[in-house]
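In: Below are the sequence and a predicted model for it; my questions follow.
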Amino acid sequence: MLQREAVVTQEFLESVVRAEKSGDELFAGGDSSTNGALGSFVGHIKNMPDVLRANVYALDRSIIWSTDEALIGQRFSGNPELEEAFQNKLVTEVGTLTADSKAEHVDLPADAQGVFIEAYIPMRTDGGILGVVELYKVPNALNETLREAQMIIWTSVLTGMAILFATLFWIVQRGARLINGQQ
């Protein structure tokens, strides 16, 4: 489910880049106020639901835009997920703030349980990789799906137990009648 959500997000973001025909200038640098293509692109990212933080990386691995302005211009070394994304691989993982030591996760506003979904989404064109969008999202849809699945499982278990109990009760009652009849 995580992978499917990341693929849909990637397709959405790439369609925005194609529709605005802004791929090359989008990751050229500058901030969103001076780079019109970047400003338009991040406007779409800002309106995506459940996003805690978004970072846009240029080819030199620097953050050219972030919802956390303190991160703009920074580079975080030792990030194998980012490197995989620059190798044209879509990377998703579930993280928790309590078990995390990545410098880029500092001050990440996760949900009450401290859980977030991290996705590194390569932005591609026919010419190759333009840059990478990193999204941190609250797993609201995933949590809702898991709750629904648990409800279905518990309902099935309770129904099965009731049918099994009724069947066993019927067998025992029938056996008792047969024994009483033979006596």
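Out: Yep, that arrived.

In: I117: which element?
Out: strand 115-125 (DSSP states H and E).

In: other SSEs contacting that strand?
Out: helix 2-20, helix 23-26, helix 80-86, strand 91-96, strand 128-137 (3 or more CB pairs under 8 Å, 6 or more residues apart in numbering; DSSP states H and E). Quick note: C-beta positions are derived from backbone N, CA and C, even for glycine.

In: rerun that using 6 Å as the cut-off
Out: When contacts are defined as 3 or more CB pairs under 6 Å, 6 or more residues apart in numbering; DSSP states H and E, strand 115-125 packs onto helix 80-86, strand 91-96, strand 128-137.

In: Would you mark the buried spots in it?
Out: V115, F116, I117, E118, A119, Y120, I121, P122, M123 (16 or more other CB atoms under 10 Å).

In: where does the protein dip in pLDDT?
Out: For the chain, residues meeting the criterion pLDDT under 70 lie at 21-24, 28-35, 96-114.

In: how about the residue nearest in space to the middle of it, what does it touch?
Out: Centroid-nearest residue in the chain: I117, 4.2 Å away (criterion: CA atoms, centre = their mean). I117 makes contact with V94, K137, P139, according to CB atoms under 6 Å, 6 or more residues apart in numbering.

In: change it to 8 Å
Out: L2, E5, T92, E93, V94, G95, L135, Y136, K137, V138, P139, L142 (CB atoms under 8 Å, 6 or more residues apart in numbering).

In: For it, list each beta-bridge partner.
Out: V94, K137 (DSSP bridges).

In: and the gap between it and R4?
Out: 12 Å (CB to CB, to the nearest Å).

In: ok so, going back, out of the helices and strands packed on strand 115-125, nearest to M48?
Out: strand 128-137 (7.6 Å; CB to CB).

In: Name the residues of the closest one that are buried.
Out: L130, G131, V132, V133, E134, L135, Y136, K137.

In: Please apply the same query to stretch 63-73.
Out: I63, I64, W65, S66, T67, D68, L71, I72.

In: Run a quick check on the fourth one versus Y57, I expect a contact.
Out: No: the pair S66 and Y57 does not pass the contact test of CB atoms under 8 Å, sitting 9.6 Å apart.

In: re the thing from before, in CSV: the buried residues of strand 115-125, plus distance to P49.
Out: Listed next are the buried residues of strand 115-125 as CSV, based on distance: CB to CB, whole Å:
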residue, distance to P49
V115, 17
F116, 14
I117, 13
E118, 16
A119, 14
Y120, 19
I121, 16
P122, 22
M123, 20
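
In: Cool, thanks, talk later.
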